[in-house]
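In: I'd like to go over a predicted model; first the sequence, then the structure.
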Amino acid sequence: MFVHHPLFRPVAALVLLLMLDLLLVPGFFHLEIKDGHLYGSLIDILNRAAPLILAALGMTLVIATRGIDISVGAVVAISATVASMLIGGTMVLQDGVPTYVANTPMVWALCAAMGAALLCGGWNGVLVAGLGLQPIVATLILMVAGRGLAQLFTDGQIITVYYQPYFFLGSGYLFGLPFSLYLVGGVFALTALLMRKTALGLFIQTVGVNPVAARLAGLRTAVLIFFVYVFCSACAGLSGLIISANIKSADANNAGLLLELDAILAVTLGGTSLAGGKFSLVGSVVGALIIQTLTYTIYSLGLPPEINMVVKSVVVFLVCLSQSAEFKNMWRAFRTRAKANKGEAA
Amino acid sequence: MSSLALRARASMASPYFTSLATVALLALLLGAGGAAYPGFLSLQVLLNLLIDNAFLLVIAVGMSFVIISGGIDLSVGSVLALTTMMAAWMVQVWHWPPLLAIVIVLLVGTGFGALMGAMIHFFKLQPFIVTLAGMFLARGLCYLISINSITIDQPLFVSMSQTQLPVLDGYLSPSALIALLTLAAAIYVAHCTPFGRAIYAVGGNEQSAQMMGLRVARTKVLIYAFSGFCAALSGVLFSFYMLSGYGLHAQGTELDAIAAVVIGGTLLSGGYGYVAGALSGVLVLGTIQTLIAFDGTLSSWWTKIVIGVLLFVFCVVQRALALGARR
Amino acid sequence: MTSSSTVLSSVAPVLQLRGISKAFTGVQALNGVSLSLYPGEVHTLMGQNGAGKSTLIKVLTGVHVPDQGQILLEGRAIRPASTLDAQNLGISTVYQEVNLCPNLSVAENIFIGRYPHKGGRIDWRGMSEQAGALLARLQVNIDVDRPLASYPLAVQQMVAISRALLGSAKVLILDEPTSSLDEKEVELLFSVLRDLRQQGMAILFVTHFLDQTYAISDRITVMRNGEREGEYACSELSRVDLVNKMVGAPAAVVRPAAAAAQPAVAAGSEPAPGRLPAFLRTLGLGRRGSLAPVDLEVRKGELLGLAGLLGSGRTELARLLFGADRADSGKVAIHGQQRQFASPRDAIAAGIGYCSEDRKHEGAVLDLSVRENMMLALQARMGILRAIPLKRQQQLAQHYVQALGIKTASIETPIAALSGGNQQKVLLARWLVTEPEMLILDEPTRGIDVRAKQEIMDYVANLCRKGMSILFISSELAEVLRVSDRIVVMRDRKTAGEYARDELDESSVLQVIAAGASHA
Amino acid sequence: AKPLVIGFSQVGAESEWRTANTVSIKDAARKDGITLKFADAQQKQENQVKAIRSFIAQRVDLIAFSPVVESGWDTVLREAKAAKIPVVLTDRAVNVSDPSLYVTFIGSDFVEEGRRAGRWLLERSAKLPNPVINIVELQGTVGSAPALDRKKGFEEVIGGNAKFKVIRSQTGDFTRAKGKEVMEAFLKAEGKKINVLYAHNDDMAIGAIQAIEEAGLKPGKDILVISIDGVKGAFEAMLAGKLNVTVECSPLLGPQLMQLARDIVAGKPVPRRITTVEGVFPAEVAAKEFPNRKY
Ligand SMILES: Nc1ncnc2c1ncn2[C@@H]1O[C@H](COP(=O)(O)OP(=O)(O)OP(=O)(O)O)[C@@H](O)[C@H]1O
Ligand SMILES: Nc1ncnc2c1ncn2[C@@H]1O[C@H](COP(=O)(O)OP(=O)(O)OP(=O)(O)O)[C@@H](O)[C@H]1O
Ligand SMILES: [Mg+2]
Ligand SMILES: [Mg+2]
C-alpha cells in the first residue's frame, strides 16, 4: 500500500505546496519556450534547488553514519572562489570598449576547485574518523576557518567572472532544461548506483546503527566514515561551482551561507533520521524541493519579508507533524472520541 | 591491582577527565596570552571574560542539560533575541513595570521550550528539526514585533547594565553574578536531584529509562523547558548588556553554546558530561576572542581562520590527552 | 484441568490474565492467553523461541497495550499504561534484554527513580552501601560506583535483578534472568527467590533450562505459537512431556543434558583429537589488567570448550584471539605462521569468526533486516565493491532460516522484531555464512530453547566434522561437557588446566573451576 | 613621542564595500604611522562590545568603530568615557542617552542615500511616457540599519507621489545570489509590469540584472535599475548600459579618520558630524569615473 511508503508523506507535502501555488500564484505552472529553452517558475525552482539537492545528497550519507557536517557552506564558498579566481578574467577598457579576458583554462580551474573541496572533505574525515572528534565540532572548525580561507584568497572582494563557458554550469541550458539539472541527475544516479550495486549502502547503515557490531563484523568503520565526509564535501564543492557560475561571481562571505542548515532540513524532511541508519536519497531530493518551492512561493506571494521566517517555520512544523505516526494516532483517537461524544449527544 | 589499573583507565578516559583537560588548557591559553600581550592577565580582563560572556554561559548551561539528555536545542539564539525584543517592547512602548516584563518573558521562553519538548517527545520528532523550526519561528516573531532595534532607557535596566560590583580592584556586572548563580543552581540540580539524574538516564538510554519506570516524558519536556528558560534569562541579561531589543541580536549563538558545551567535555551523543564544563567551554571561547582583540592586527578573515585553528588545536590536544590516558 | 490449580484454589490469585491477545504487523504474538499467578509460588513460563513469553510479560507490565483481554491484580482490573504504573501497582520486572543505563554507576542503576534522600539531596554514600549489600546478596562483589558499562553482561544481569529485588513488590517477573549466568550464580539467585516465595511473593519466571525449571518452580505454563498450551503442576509433568508440549509434535527423544552426546570428532574415522593438526596456537597471549598470558592450541576440526566462572576471562580471551582487543604480549600463529591481529578484520582474513555474547550491543544491527544482518560479515570480507547478488543473499538467508529454525515473518523483517532467541540464531548464521576455518562462539545458545539449542549444537558439531575448529564458551557446564572434544578451564583470568572430554564430569570440572585441583 | 594608538572595531567583512572601508582605514593608519588595533566583529554587536572593552583594558588613545546597529551602546561607551578615551563613530550613528559619550560621527547618511536615489528617479521619470511607474524593491537584510534607512529615504521622496507604486518589496540579504533569486520570482509574478528596480546595494542589483536578462528583457532600458554604494561592479554594469545609476556611499574614510584622531588627541575642537563627500553617478558619467574607482 503506497500510503505506507516512507516517501509518501514528503511527496504529499510537496504536492500540497504546489497545489497552493496553483491557487494563489497566477501562471505558476505556466511554461513557455524562451530563446530555445523552457522558461517558467517550475524551471526556476528546479534550477535554484540544484545546489541544495547536491548538498542534501552528500549530507544524507553523513547523517546515515550518525554524523553531521556543518561545514558545507564554507566548502561551497571555497570551491566557488577557487574556480572563479582561476578562471577570473577582468574587464579592461580598450578605448572605451569593454573587453573580457580569461586566465586559467576552465578544466584546470574546475579540477582545482573540486580538489580543494575534496581536501576539505579529507580534513573533516580525518578529524572525525581518524581523531574521533565529535562530528559537529570537527566540522565546526572548517565552518569557521573555511570561509576565512575563501576570503583570504579573494582579499574580501567579490570575484566577478567574465567567461561565458563557465556560466553554462549555472545558467546554461541543454535540450531546453537547465544544465545544473543534468549535473544533479548525474550525481544522484551515481550515488544511487553506489548504494544499490555495491555494499556501500549496507555498510553505511550498519556503521550508523551499531558501530561496535560493525567493527566486530569486520567493517572498516573509519574508512567508511572518512569516505562519507569526503563525498559530502565533493557534493558541496560541486554546488559551489553551480552557485558561483549562476551569479557569474564568487562572494566568499555569502556564498552558501547557512546552506548546511537547509541541507540537514532537507534530509530530515525526506524522512531520514538524524540518529543514523536507514536513509533515503530520493527523500532528501524531495525535501530539498519542498524547501526551494516554499522559498519561491513566499517570494511570489508578495508577502512582506518580515514574515518569511514565520511562514517557513510553520511549514516545517506541519511537515514534521505530518510525518509523525504518533501524531496521526492521537489525531485519530481524538476524532473517534469526538464522534463518540456526538453519538451520546444525539 | 588490575582492577586498580582498570579504574584508573576508566576514570582518565571519562568526560570528567576531559573536563579537567579543558581547564588545564584554558590556563595554558591564558598564560600564553599573558606572555604575548602586556596587560592581558590583568584582573579586569579576566572579569570581562565573565561580564561579556554572562549571557552565553547561561545559554550553555541550558544547552548542557539538553545535550546530556541526548538532544539538541538550536532555538536558543533566536529565543534570546525574541526575549530582548519583547522586554524592550513592554518597557519602552507599553511602559509596563520592568519586573513584570521580565517575569513574562521568562515565562514565554519557558513555555516555548516546553512546547518544543512536548512535540519532540509525544510526536517522536527529531530535536534538531523541531528546534530548528523553533529558531526560525522565534526570529520571525521578532520581526513581527518590529524590524527596528528598540533602545531601552528604563531605569532598572540601565542600572542593572551600569552597576559595577567591586571585586578586589576590578568589578563584575550583576549579569555575570546572575549567570554564576544559575550555573551553581544547575550543577546542584544535575548532580543532587532525581530530575538531574533522570536527565543522565535518558541520555544514556531512553528506552531503558522508560523500562526502568522513569518519567521520561516529564523529564524531556522539563529539559527543553529549562533550556527555553535559560535562553530567556540570558535574553534578559543580554538586554541589560545591550540596553536594546533587536531582531538580529545574537545570531549563531546556538553554535557558540554547543561548541562551549562540547569543549567543556560533554558528549553530543548524550549521557556523559558535566554542567560545570559549560563554564570552562565558554571561557575558552571568550579567551580566544580576547586574544584576537589584543593582538589587533588580524583582518576579518584571519580572525575566522585563527578562531578555527585555535578550536582545532584545542580539540586535538584534548582528544590526545584522553586517548593517551586510555592507553 | 490440572489438579494444581485446585490445590491452590483456596488462595485467591494475585494476578490474573484473561484472554490476552496482541498482534504486531505480520505476527499474532499472543492469542487469547490466560494465566493466574498465586502468592507464594514460583510460576515458570516455558515455550520455544518466539512463543510469546516476553510479549506476554511486556503486555502485563504496560510496555505493550493488549489488543484484547484484561489483567486483574487482586481482583481489580488494571491497565498499566507504562512500566512505572506497573511498578507502582507492585509488579517489578527484569526484562529479557538488560534494560539499564550504561552511563550511570551500578548503584544508580539500582536506585534511580527511588533514591534514598538525606536533607533534600540524594544520599550518595547510603546508596552505594545499600547497593553493595544488595549485590553481595548475589555474591557479586564489584565497585558499585563505576559505570555499568565497565562490567560484562553477566554482572549487568545481576544488577538488573538486584534492582527488581529492591523495594517491596507483590509480583516479581523475571524474563530469562539466568541466560548469561552460570550454575553458581543461578543457585544464589534461586536461594533468594525461595526466600521471597516464603514471604509470599508471587514470582513469574521465564527460562529455557529444564533443570532450572524443575529446580525452582511450583507450576509451569507452557506457551506455543502465542497460545497457552496448558498449565501443569511441576511435579506432574515429566521433562519429555514438557518438551513435547512446548514443541507440539512429539519431539525426538530429548537427551538429558548431562548424558554425553556424540562427541564431534570421535564419530567416523577421523583421528583422535590428540593427533589433529593445530589450526591456531598462542604463546603467552595476554593483555595487562584483563588477561594473564595464555598458551592455547585450537586444532583443526575439533570443538574446544572453555569452562570457567563469570569473570574468569573467557570473553577476554576470545576477544584477544579475534583482535577485538589488542594483545600487549604474546604471539598468535595460524597454521604455524605468525600473525598480528590489529583488528577483527585481520582475524577474519585469517579465517576466524566470533559470535559475541552481547547480542544487543555487539551483534544485532536492529534497523536492518534479517537478511542484511546475516550477510554482513560475508559482505565485509568480500569488500565493498563485490556486492553479493540479491538472489544469492536470499538463498543463503532462506537456507539458514530453515537450517536454524528461525521464527520470523520474512527474511526482510527488521531483526528488532524478532524474539530474543531468534535474534541470537540470526547472529550465529551471520558467521556460518562466512564458512570460517575457526569459529569462536561466546554463549551462542544464550536464550535459545532446549530443542533449538540441541539442534544448533549438533549443527555446529557437524561443521566440526567437516573440519571447522570451534572455540565454545558457555556458562552451561553440562553443555560444554556434552559437546567438547577438549576442555580448557579458566580461573581468575588465566588458564587453569586442560582436559580431554572423558577426563571430566560435572562434579570434577566444578572442582577444577571453583577450588582448582592442580592439573594432572 | 610614542605613536598614537587607535582601537578600531569593524562590523565584519560582509560586503565589498565593507572590505574597501577596512582597507582604507588600515592604509591610512600605516601612512600616518599610527598603531591600529583592528578587531573584526563578524557582524555581531556583542563582539564589538567585547572588542571595545579590550581596547579600554589596553588603554588605547582613541576608540573608533562602525556600529552594527544604532542602539545599545550606552554602557560600554560610559566605560570608555570613564577611562577618558575619546570615541569616534564611523559610517553609522548610534543613539545614546548622553551625547557626550562620543566625540564625533564621521560617515555617510543612509537616509540621504535613499533620498538621492528617489530624487534621481523623480527627474528621470519626467522623461518616461508611462502614467504610473511600477517599482520593485530589493531590500537589504531585514532589520539592518542601511536597509531600514535606504527604504525610508526613498519613500520620503516618492511616497507622496501617486505616479509611483512599489508593487513588490522583498529582502535580498545584500547578496547577488538572493538578489537574482528574488528578482526571478518578481519577474514571473509581475512580468512586464515592472518599470523600475530599486536595490539597496549594488550586489543585489547586479544579481537582479542577470535575472532580468535571462527573462529576455533589457536591464537599463525595459527596466530602470537604481542601486546604492557605487562599487566597481556597478560601474562595469553601467558601462555595459545595464545599470542606470548608483548612489555613492563612500567607504574611504581612512584619511579623514586619522586626521580627526590626531586633532582630537591634540585637543583641537572638531565638529559633531562629518559627512563624507559622496556623489550620485548616473550611467552617463560612468566611463569618465570608472578609471579612478579604488574599490
Ligand atoms: N516489537 C515487535 N514487533 C513485531 N513483532 C514482534 C515484536 N516483538 C515480538 N514480536 C514477535 O512476537 C513473537 C513473540 O515474541 P517474544 O519475544 O514474546 O517470544 P519469546 O517467547 O520471548 O521468545 P524468546 O524465548 O526467544 O525470548 C515473535 O514471533 C516475534 O517475532
Ligand atoms: N560475580 C562477579 N563478581 C564480581 N565481578 C564479576 C563477577 N562476574 C564477572 N565479574 C567481572 O567481569 C569481568 C570479566 O567478566 P567477563 O564476562 O568478561 O569474563 P568471562 O569469563 O568472559 O565471563 P563470562 O563467563 O560472562 O564470559 C571482570 O572484570 C570481573 O570484575
Ligand atoms: Mg523472550
Ligand atoms: Mg563472557
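Out: Perfect, thanks for sending it. Ligands and ions are numbered 1, 2, ... in the order given.
In: Nearest to ligand 2: which residue in the stretch 101-250 of chain D?
Out: D:Ala177 (57.9 Å; C-beta to the nearest ligand atom). Quick note: C-beta positions are derived from backbone N, CA and C, even for glycine.
In: Which SSE is immediately downstream of whichever strand or helix holds that residue?
Out: Taking DSSP states H and E as the criterion, D:Ala177 maps to helix D:176-190. Using DSSP H and E, the helix or strand that follows helix D:176-190 towards the C-terminus is strand D:196-199.
In: Is chain A within reach of the next helix or strand after that next one?
Out: Using DSSP H and E, the helix or strand that follows strand D:196-199 in sequence is helix D:202-214. Yes - Helix D:202-214 reaches chain A (C-beta under 8 Å from any C-beta of the partner chain) through D:203, D:206-207, D:210, D:214.
In: Tell me what angle the helix holding D:Ala177 forms with helix D:202-214.
Out: When axes from the mean of the first three to the mean of the last three C-alpha atoms, to 10 degrees is applied, the directions of helix D:176-190 and helix D:202-214 differ by 50 degrees.
In: in helix D:176-190, what counts as buried?
Out: D:176-189 (16 or more other C-beta atoms under 10 Å in any protein chain shown).
In: which regions of the chain lie under the pLDDT threshold?
Out: No chain specified, so I'll use chain A. A:1-4, A:89-102, A:343-346 (pLDDT under 70).
In: switch to chain B, that's the one I care about
Out: Ranges of chain B meeting pLDDT under 70: B:1-18, B:322, B:324-327.
In: Nearest to ligand 3: which residue in the stretch 51-200 of chain A?
Out: A:Arg66 (28.2 Å; C-beta to the ion).
In: Now do the contacts for the spatially closest residue to that residue that is not a sequence neighbour.
Out: With sequence-adjacent residues excluded and distances taken as C-beta to C-beta, 6 or more residues apart in numbering or on different chains, A:Arg66 is closest to A:Gly276, at 3.2 Å. Counting by C-beta atoms under 8 Å, 6 or more residues apart in numbering or on different chains, A:Gly276 touches A:63-67, A:205, A:207-209.
In: give me that answer again for 10 Å
Out: A:62-68, A:204-211, C:367 (C-beta atoms under 10 Å, 6 or more residues apart in numbering or on different chains).
In: what does C:Leu463 give?
Out: C:264, C:301, C:303, C:432, C:435-436, C:439, C:469-470.
In: In TSV, list the residues of helix D:202-214 next to chain A along with neighbour count, pLDDT and distance to chain C.
Out: Listed next are the residues of helix D:202-214 next to chain A as TSV, based on neighbours: other C-beta atoms under 10 Å in any protein chain shown; pLDDT from 0 to 100; distance: C-beta to the nearest C-beta, whole Å:
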residue	neighbour count	pLDDT	distance to chain C
D:Asp203	32	91	45
D:Ile206	28	93	46
D:Gly207	28	94	43
D:Gln210	23	93	43
D:Glu214	21	89	43
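In: Closest to chain A out of the residues you listed?
Out: D:Gly207 (5.6 Å; C-beta to the nearest C-beta).
In: Now do the same contact list for the closest one.
Out: Counting by C-beta under 10 Å, 6+ apart, D:Gly207 has contacts A:246-249, A:251, D:138, D:172, D:175-184, D:199.
In: quick one, phi psi at the residue lying farthest from the centre of chain C?
Out: Distance from the centre of chain C peaks at C:Gly119, with 42.3 Å (C-alpha atoms, centre = their mean). In terms of degrees, to the nearest 10, the main-chain angles of C:Gly119 are phi 60, psi 50.
In: picking that back up, what's the distance between the residue of the stretch 101-250 of chain D closest to ligand 2 and D:Ser169?
Out: Look at D:Ala177 and D:Ser169: by C-beta to C-beta, to the nearest Å, they are 19 Å apart.
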